[in-house]
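In: Give the three-dimensional model of this entry:
(2 chains)
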Amino acid sequence: AQKVTQAQTEISVVEKEDVTLDCVYETRDTTYYLFWYKQPPSGELVFLIRRNSFDEQNEISGRYSWNFQKSTSSFNFTITASQVVDSAVYFCALSADNYGQNFVFGPGTRLSVLP
Amino acid sequence: DTGVSQDPRHKITKRGQNVTFRCDPISEHNRLYWYRQTLGQGPEFLTYFQNEAQLEKSRLLSDRFSAERPKGSFSTLEIQRTEQGDSAMYLCASSFSFRRDRNEKLFFGSGTQLSVL
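Out: Residues are numbered from 1 along each chain as shown, chains lettered A, B, ... in the order given. Predicted coordinates for the structure are as follows:
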C-alpha cells in the first residue's frame, strides 16, 4: 500500500525565514512519482513540482527547492526567505503512474508566514 | 482560459436532502476527476472520466453518489440523501492525457464546500 506522511501539521515562521516542509512516503513500486501542491485559502490546488523515482537530482526554482532522497524515502520542500504570500496548506503526493486516480496525498502542512 | 470552475463554492443543506455540484474543466481537457477533501486531510480520489466515459470509481463513492459527464464537457456530482459525514470539500480536476502519456498534469478547481446540518 502507498502512504504519504507529513508529520508537521502546522508551521509558523516570520517573513524572510527559511522553512522546510517534510514529506516521507511508503511504496513498494520501483517506479513512482512524487508531487508537491500548494492550496491557498482560495481552495484550488496549485501544482509545484513532479519528480519521478529515477531522478534524484535536487531541484531549485526561485525561492523553492526540493530534496529527494530515496534512501530515506523523503521528498522535502524548502522555501527560502519566506513571504506572507507563501501562507497556504502544502500537500505532498505520491502516484505509481502519474494518473490522477492513483494519487495518494499526505494530510498537508499548514504554513503561516507572519509579517 | 479561465481554469477549472466549480459551482457552487459553498453549499449548506439539511441531512436527507439531495445536492448537485457542477465542474467545468479546462476546455479540450479529456480527463476529469472528482476528489473529496475532509478537514485536515489531503484530497481522496472519488471517480474520473475519460471524455464522457466514467472509467473508475473509488470505494468511497457510495450508492448515494452519482457522477455524470454528458458530452465529455462539464460534469456533475450528485449526492442523494445527504448525511453529516458527507460534509467535505469536493474538488474537481482536469487534464489532457493522450493514451499512456505520463506527462499528464492535473489542474484543480477551487472546490465546493459542502456542509450537511
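
In: what does chain A put close to chain B?
Out: A:4, A:9, A:33, A:37, A:42-47, A:50, A:91, A:93, A:97-103, A:105-108 (Cβ under 8 Å from any Cβ of the partner chain). Every residue, glycine included, has its C-beta placed from N, CA and C.

In: So which residues on chain B come close to chain A?
Out: Checking chain B against chain A by Cβ under 8 Å from any Cβ, the hits are B:3-4, B:9, B:31, B:33, B:40-45, B:48, B:55-56, B:58, B:89, B:91, B:93, B:95, B:97, B:102-111, B:113.

In: Run a quick neighbour tally on residue 114.
Out: You didn't pick a chain, so chain A it is. The tally of other residues near A:Leu114 (other Cβ atoms under 10 Å in any protein chain shown) stands at 11.

In: that answer is for a different chain, and I need it for chain B
Out: Using other Cβ under 10 Å, the number of residues around B:Leu114 comes to 21.

In: Show the end-to-end separation of stretch A:83-91, please.
Out: This stretch, stretch A:83-91, spans 18 Å end to end (Cα to Cα, to the nearest Å).

In: Hmm, I typed the wrong one, I wanted stretch B:18-28.
Out: Stretch B:18-28 has an end-to-end distance of 30 Å (Cα to Cα).

In: per-residue confidence at whichever residue of chain A sits closest to chain B?
Out: Among the residues of chain A, A:Phe105 lies closest to chain B, at 2.7 Å counting by Cβ to the nearest Cβ. Looking at A:Phe105, its pLDDT is 95.

In: Next, the contact list for the closest residue to it other than its chain neighbours, please.
Out: Once flanking residues are discounted, A:Phe105 sits nearest to B:Gly42: 2.7 Å by Cβ to Cβ, 6 or more residues apart in numbering or on different chains. With contact taken as Cβ atoms under 8 Å, 6 or more residues apart in numbering or on different chains, B:Gly42 is in contact with A:Val4, A:Phe91, A:Ala93, A:Phe105, A:Gly106, A:Pro107, A:Gly108.

In: If anything else comes up later, I'll come back, but that's it for now.
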